[in-house]
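>>> Could you look at this predicted model? Sequence included:
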Amino acid sequence: MKNIIFIAPPAAGKGTVSNLLKEKYKYNHISTGDLLRNVNKNTDLGKRVQEIMEQGQLVSDELVTELLKEKLKEIDGNFILDGYPRNITQANILDEILDELNINNIMAIYINISKEEAMKRALSRLICPKCKKIYNKFNDEAKPKKENICDNCGIELKTRDDDNEESFKVRFETYINNVKPILDFYKSKNMLKEVSSQTSNITFNMIEKLINEDKND
Ligand code: AMP
């Protein structure tokens, strides 16, 4: 089974689909956003990272790359990369890292979504701080069974600090400004597939089909 690189704007559903793929196919889910959120907030570095993330801007390529490299060395088995590369420099760096680690079975999947829909989702997104399951309070298919409580852990759901309108706009613009060269990069390597984001189950089914088609090639 191929390793997956997700390329998608914020709130396109890559986190939710990654969780479903992880459950069903035992993928390791590497989210650079999660790696950064886990940097100790009591350190100067942690505080700076939190500030950048809350503004919706990108953290330095060096720091994210360092965290990613460590994680890639640590895991065993196939992985989903969620949130990296975010610009063409990172796409080139990733190519080198994967070469170094002798990993070449990769599929890049672009999840397309309009800004309006992504914004709507970001502003109603809830996350379980423990198991990281993602909910949407205004979507019947994605709401928790009990209001504001995680179905799995029974604890209170949270909103992300950067899921506000101001930060979302910066994140979306940053994404749009950087994505075209990344898509061209993977297209030129014949590694790119595309789906458009729908409900999480439909998006998951489309991605599952891509993975299984590829397995049968
Ligand atoms: P995400 O969880 O993927 O939406 O990422 C949340 C935030 O983490 C982003 O808005 C950035 O501030 C930061 N971030 C995540 N991945 C990267 C990356 N590859 N490069 C730079 N910053 C990143």
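That came in fine, so what should we check first?
>>> What residues does this structure have near the ligand?
Selection of the chain residues close to the ligand by CB under 6 Å from any ligand atom yields 10, 31-33, 36, 52-53, 56-59, 64, 83-84, 86, 90, 162, 171. From N, CA and C alone the C-beta is placed, and that goes for glycine too.
>>> Repeat the analysis, applying 8 Å as the threshold.
Near the ligand, the residues belonging to the chain are 10-11, 14-15, 31-37, 52-53, 55-61, 64, 68, 82-87, 90, 160, 162, 167, 171, 174 when assessed by CB under 8 Å from any ligand atom.
>>> and whichever residue of the chain sits closest to the ligand, how many neighbours?
Nearest to the ligand in the chain, going by CB to the nearest ligand atom, is residue 33, at a distance of 1.9 Å. Counted with other CB atoms under 10 Å, residues neighbouring residue 33 total 19.
>>> list the contacts for it?
By CB atoms under 8 Å, 6 or more residues apart in numbering, the contact list for residue 33 reads 53, 82, 83.
>>> which one is the last one nearest to, not counting chain neighbours?
Spatial nearest neighbour of residue 83, excluding adjacent residues (CB to CB, 6 or more residues apart in numbering): residue 32 at 3.9 Å.
>>> Tell me which other helices or strands whatever helix or strand residue 119 lives in touches.
According to DSSP states H and E, residue 119 maps onto helix 115-123. Counting contacts by 3 or more CB pairs under 8 Å, 6 or more residues apart in numbering; DSSP states H and E, helix 115-123 packs against helix 165-188.
>>> make it 10 Å
strand 134-136, helix 165-188 (3 or more CB pairs under 10 Å, 6 or more residues apart in numbering; DSSP states H and E).
>>> What is the burial count for residue 156?
Residue 156: 11 surrounding residues under other CB under 10 Å.
>>> per-residue pLDDT, the residue nearest to residue 83?
Predicted confidence (pLDDT) for residue 32: 96.
>>> can you list the domain ranges for the protein.
Using automatic domain parsing, the domain ranges for the chain come out as 3-113+169-216, 124-162.
>>> and these, which is most packed in?
Highest mean neighbour count of the domains of the chain: domain 3-113+169-216, a mean of 17 (counted as mean count of other CB atoms under 10 Å).
>>> now the strands for the protein?
3-7, 28-31, 79-82, 106-112, 125-127, 134-136, 192-196 (DSSP state E).
>>> Could you tell me which of the residues of the chain next to the ligand belong to helices?
Assigned to helices by DSSP state H, the following of the residues of the chain next to the ligand qualify: 14-15, 32-37, 52-53, 55, 61, 64, 68, 90, 167, 171, 174.
>>> Centre-most residue in this protein?
residue 82 (3.2 Å; CA atoms, centre = their mean).
>>> Any figure for the gap between residue 27 and residue 50?
Going from residue 27 to residue 50 by CB to CB, to the nearest Å gives 28 Å.
>>> got the angle for the lowest-mean-pLDDT helix or strand in the chain vs strand 3-7?
Sorting the helices and strands of the chain by mean pLDDT, DSSP states H and E puts helix 200-216 at the bottom, at a mean of 87. Following axes from the mean of the first three to the mean of the last three CA atoms, to 10 degrees, one obtains 140 degrees for the angle between helix 200-216 and strand 3-7.
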